[in-house]
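Trainee: below are the sequence and a predicted model; questions follow.
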Protein chains: 2
Amino acid sequence: MSIILNSPLDMHLHLRDGDMLKVVAPLSATSFSGAVIMPNLIPPITTKDELIAYRKRVIDASKDSAFTPYMTLFFKSTYSKEFLTQVKDEISAIKLYPAGITTNSDGGVSGFNIDELKDTLNSMSELNIPLAIHGETNGFVMDREAEFISIYEMLASNFPNLKIIMEHITTKESVALLDRYDNLYATITLHHLLITLDDVAGGMLQPHLFCKPIAKRVEDREALREVAFKGHPKVMFGSDSAPHPQHAKEASFCSAGVFTAPIALQLLTELFIENSNLDNLQKFISTNGQNIYNIKVPKKRVILEEKSFIVPKKYGDVVPIYAGEEIRYTIKEIK
Amino acid sequence: MSIILNSPLDMHLHLRDGDMLKVVAPLSATSFSGAVIMPNLIPPITTKDELIAYRKRVIDASKDSAFTPYMTLFFKSTYSKEFLTQVKDEISAIKLYPAGITTNSDGGVSGFNIDELKDTLNSMSELNIPLAIHGETNGFVMDREAEFISIYEMLASNFPNLKIIMEHITTKESVALLDRYDNLYATITLHHLLITLDDVAGGMLQPHLFCKPIAKRVEDREALREVAFKGHPKVMFGSDSAPHPQHAKEASFCSAGVFTAPIALQLLTELFIENSNLDNLQKFISTNGQNIYNIKVPKKRVILEEKSFIVPKKYGDVVPIYAGEEIRYTIKEIK
């Protein structure tokens, strides 16, 4: 039996820059029709020129003409309406990071003072630019996302016409919030559908499964699975695939990020075939993202089959999830 | 100002065997008067001959005549009263591990069936052999110790004359249990007085702070600090210092254990001077352990002073807690 996925999209992807970009961009570009590209480079992308130059580097590295990078800017409360008007057609969203919360987020927002944010958010709202948010406080690691709920509520209620995307949600609280505000949407990663904190730190410690937000409890994973498996229209796949060189993951201080992009479609197929159906996977992997972002995407058909595949131990110098393990589905053909 | 600690004891220590034993035994033996030595070698210590041979290897490696290793056996429900009578004078306690719960614990107890355990526990009770327990279930990593409370209660109430030591407690629930049963005691590590899960996984992931039981929440650490700082008579210092070679800690799959032994007295001095007093540290570090285990210990005076000390990056091939960092107290003299 062949499984066909049409124009898969990754609505949250880290491609980095330089040599790492050259390694990882083709791995996503070959099997996805497009991806929302995160702007947290060093320094982060905050100008139109940087954005256009980065898009060109991404396209050059991608080596697949049927792949569209949907670019994002790093949120600053200093963005004027004039600037946003100029940049509007070049971007798909603006990504807001609380300061210091994850990799390369030092220039992010400190505190969530509505007076400080409102001009930029009103302009985004008027220009129909979605706001993508890494929703964590600086609190205890297991509570950070749940503690951010009140900030999501404040933003959703004060800016009812602003499309707000709760990125890489990991908790049952965030799932419950989805249906309480019309303007809230979410991405869900592959790894948060697969693992809990027990996989990260319950047996041996597994740095390649360590990410931000950290994987939570079984009941949280169940809540994520439930909305993903039913193809909930406000939920999109966003891998948050985040490559680090091996020496940065197996160290005294290990970087946060799980690298899943090259095997995401294979593992999602397995998960959905076992727990849901391919129609809902098609919604999760493409249709919902197209509708939420209101984008046209390149046509691409990814054909998978049930055939065992050994996950490579490394892609370049990056160790993927399930490195060296056998998985059940393989990409047979892409056209 | 000089600080004097008399006959410090480490009531929970892993010394391993072979080359590792030769590296770490002198580091504890030089500054401690004695230590309760864990039996989870490969294979674990379960016979009198193995125990006597291991004690000899520990003493040979220690290179300090004023250091007593208090030996333990690995708990088996098959130990007969006859066997326990023979071995009684050679051991200070028997250590019970739930199966598979931590490093080298595969031969431990599965389930806690009182009918299976009662003969051995009654014999230990009659022979006055303390039972030391690694109290975790196989549940979610943050809940394992709290879930074990009911097993502690079952054991404490069914064997009221058995001295039960809750090893390396990490939660407010375990602290609360201490005063509910006369026959329950506890060890507390240095690292659980210092860190929470945020230090392990809240910023970058720090495998050298990864241990079992995993560090918990701030309120749990506060509960541990409260009983330690007041010198609660049922609470003893047990470092659970657990050396692994660097390559086993900085890897795809990292071993559990924090190596603290060589700087434990310096860091405890700093903590107690800031939060309590040296009388209570003396109780925590020696007097309580002597009383609970009813042991006479070699005389040793450890004299510390406030003088900055840079923690070595490694001892042999083992990376200690706070490697390369500056701490405030130094051991000036031992006599």
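Mentor: Perfect, I can see it now. Numbers count the residues shown, from 1 in each chain, chains lettered A, B, ... in the order given.
Trainee: and the residue in the stretch 1-150 of chain A positioned nearest to chain B, what pLDDT?
Mentor: Ranking the residues of the stretch 1-150 of chain A by distance to chain B (CB to the nearest CB) places A:Val141 first, at 4.0 Å. Where you see a C-beta, it was placed from the backbone N, CA and C, and this is true even at glycine. Note for A:Val141: predicted pLDDT of 98.
Trainee: can you pull the contacts of it?
Mentor: A:Val141 makes contact with A:Ile214, B:Leu197, B:Asp198, B:Ala201, B:Gly202, according to CB atoms under 8 Å, 6 or more residues apart in numbering or on different chains.
Trainee: which of the helices or strands spans it?
Mentor: With secondary structure defined by DSSP states H and E, A:Val141 is part of neither a helix nor a strand.
Trainee: OK, contacts around the closest residue to it other than its chain neighbours?
Mentor: In this structure, A:Val141 finds its nearest non-sequential neighbour in B:Gly202, 4.0 Å apart by CB to CB, 6 or more residues apart in numbering or on different chains. The contact partners of B:Gly202, taken as CB under 8 Å, 6+ apart, are A:Phe140, A:Val141, B:Thr196.
Trainee: residue contacts, the first one?
Mentor: Spelled out, that is A:Phe140. B:Thr196, B:Leu197, B:Asp198, B:Gly202, B:Arg217, B:Val218.
Trainee: turn these into TSV, columns for pLDDT and secondary structure.
Mentor: Formatted as TSV, these follow (pLDDT from 0 to 100; DSSP: H, G, I helix; E, B strand; the rest coil):
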residue	pLDDT	secondary structure
B:Thr196	98	coil
B:Leu197	98	helix
B:Asp198	98	helix
B:Gly202	97	coil
B:Arg217	98	coil
B:Val218	98	helix
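Trainee: out of those, flag the one nearest to chain A.
Mentor: Using CB to the nearest CB, the contacts of A:Phe140 come closest to chain A at B:Gly202, 4.0 Å.
Trainee: how near is that closest one to A:Gly139?
Mentor: 9 Å (CB to CB, to the nearest Å).
Trainee: residues from the stretch 1-150 of chain A in reach of chain B?
Mentor: A:Phe140, A:Val141, A:Met142 (CB under 8 Å from any CB of the partner chain).
Trainee: out of the contacts of B:Gly202, who's nearest A:Glu147?
Mentor: Closest approach between these and A:Glu147, by CB to CB: A:Phe140, at 8.4 Å.
Trainee: can stretch A:248-265 be said to contact chain B?
Mentor: Yes. Using CB under 8 Å from any CB, stretch A:248-265 reaches chain B at A:Glu250, A:Ala251, A:Ser252, A:Phe253, A:Cys254, A:Ser255, A:Ala256.
Trainee: the residue nearest to A:Arg144 when sequence neighbours are not counted: neighbour count?
Mentor: With CB to CB, 6+ apart as the criterion, A:Arg144 has its nearest non-adjacent residue at 3.8 Å, and that residue is A:Glu136. The tally of other residues near A:Glu136 (other CB atoms under 10 Å in any protein chain shown) stands at 25.
Trainee: mind listing the helices for the stretch 101-250 of chain A?
Mentor: Shown for the stretch 101-250 of chain A, the helices assigned by DSSP state H, counting those that start in this stretch span residues A:114-127, A:144-158, A:172-178, A:191-194, A:197-201, A:218-229, A:246-249.
Trainee: contacts only, for A:Asp17.
Mentor: A:Asp17 neighbours (CB under 8 Å, 6+ apart): A:Leu41, A:Tyr54, A:Arg57.
Trainee: find me the pLDDT at it, would you?
Mentor: pLDDT, A:Asp17: 98.
Trainee: what do you get for A:Glu90?
Mentor: Taking A:Glu90 on its own, its pLDDT is 97.
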